[in-house]
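> give me a 3D structure for the following:
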Amino acid sequence: MKHPTISLPRLIGHRGLSSQAPENSLSAVRAAHQAGIDWVELDIQLLGDGTPVIWHDLDVSRCSDGRGSLRRYDWSQACTLDTGSWFGDHFSGERMASLEAMLALVVKLDMGINLELKVNKGRDPIALVKSVLPRLMQVLSPQRLIVSSFNQVALAHARQYADASQLALGALFGSVPGDWHYQCQAMDAFSVHVHWPRLKRPQAQAIAQAGYPLICYTVNDPSAFAPRWGWGVTSVISDDPTRFKIPIT
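Next up, the predicted model:
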């Protein structure tokens with residue numbers, strides 16, 4: 001089945017422009033846009049009351065002034081957290097981004113998202129998909145969205161929700177498994193996402209030859225990564241894409 005016509009840029013901001021602003025924040029996405037980056041990678045989870053929020057960790061301690069697991073918070077409690085001061089005084093008072101607020105910003109700025117369904121330990125992948133997918137697809141065009149995950153249940157349920165012509169799915173791996181092609185075919189994946197230090201040249205070439213865009217994460221050393229562009233890599237996800245001396249788009 002034909003996939004959405006997605007024109008991926010060479011460089012994608014990791015959790016926004018996370019070298020310059022708190023990760024997964026509205027400020028980080030604004031910073032990416034100001035730097036000329038028009039695609040960002042973000043993480044999505046559910047609070048304890050089912051509210052979808054842009055957040056990576058299982059708990060809130062690393063990136064806020066709060067403590068405890070994300071699932072212990074409802075939206076009203078999450079809104080009291082300062083999610084910016086840990087990064088710098090300039091971001092004091094930054095609040096956790098809801099999915100609705102992030103989507104509104106992305107649409108306003110005409111950006112694209114690689115949204116990772118983050119299924120941390122003890123969380124329900126199906127509940128996450130049911131909450132997130134309808135909202136995503138109502139707001140974003142298929143050409144501006146890739147949904148990825150390490151969790152096979154989440155990806156399988158996402159594919160049941162929308163076929164390949166409506167929703168691009170990214171198969172997210174640490175190391176490329178031996179059955180990567182089978183997994184991609186099973187979910188009718190659009191792209192393959194790999195932790196770049198673990199990627200081998202024959203794997204990269206096989207992925208490219210099979211017709212999948214190859215996206216490498218999280219690339220913060222342009223010189224070390226440089227030879228891999230010749231392996232058939234489509235895009236890289238970086239904390240600071242501005243360090244790369246290649247066109248962003």
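
> I'd say Gly116 and Ser149 touch.
I think there's a mix-up here, since residue 116 is Glu and not Gly. Yes: with contact defined as C-beta atoms under 8 Å, Glu116 counts as touching Ser149 (6.1 Å). All C-beta atoms are positioned from the backbone trio N, CA, C, and that covers glycine.

> got any residues that touch both of these two?
Leu172 (C-beta atoms under 8 Å, 6 or more residues apart in numbering).

> those two - which one has more neighbours?
Between Glu116 and Ser149, counted using other C-beta atoms under 10 Å, the more crowded position is Ser149 (27 against 24).

> show the contacting residues for the more buried one.
Contacts of Ser149 (C-beta under 8 Å, 6+ apart): Glu116, Leu117, Lys118, Val119, Pro125, Leu155, Ala158, Gly170, Leu172.

> among those, which are located in strands?
Counted as lying in strands by DSSP state E, out of those, are Glu116, Leu117, Gly170, Leu172.

> now these in JSON lines, with pLDDT and distance to Cys184?
Formatted as JSON lines, those follow (pLDDT from 0 to 100; distance: C-beta to C-beta, whole Å):
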{"residue": "Glu116", "pLDDT": "98", "distance to Cys184": "17"}
{"residue": "Leu117", "pLDDT": "98", "distance to Cys184": "16"}
{"residue": "Gly170", "pLDDT": "98", "distance to Cys184": "10"}
{"residue": "Leu172", "pLDDT": "98", "distance to Cys184": "11"}
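
> any idea how far Ala101 is from the closest residue to Phe91 other than its chain neighbours?
Sequence neighbours aside, Gly84 is the residue nearest to Phe91 in space, at 3.0 Å (criterion: C-beta to C-beta, 6 or more residues apart in numbering). As defined by C-beta to C-beta, to the nearest Å, Gly84 lies at a distance of 14 Å from Ala101.
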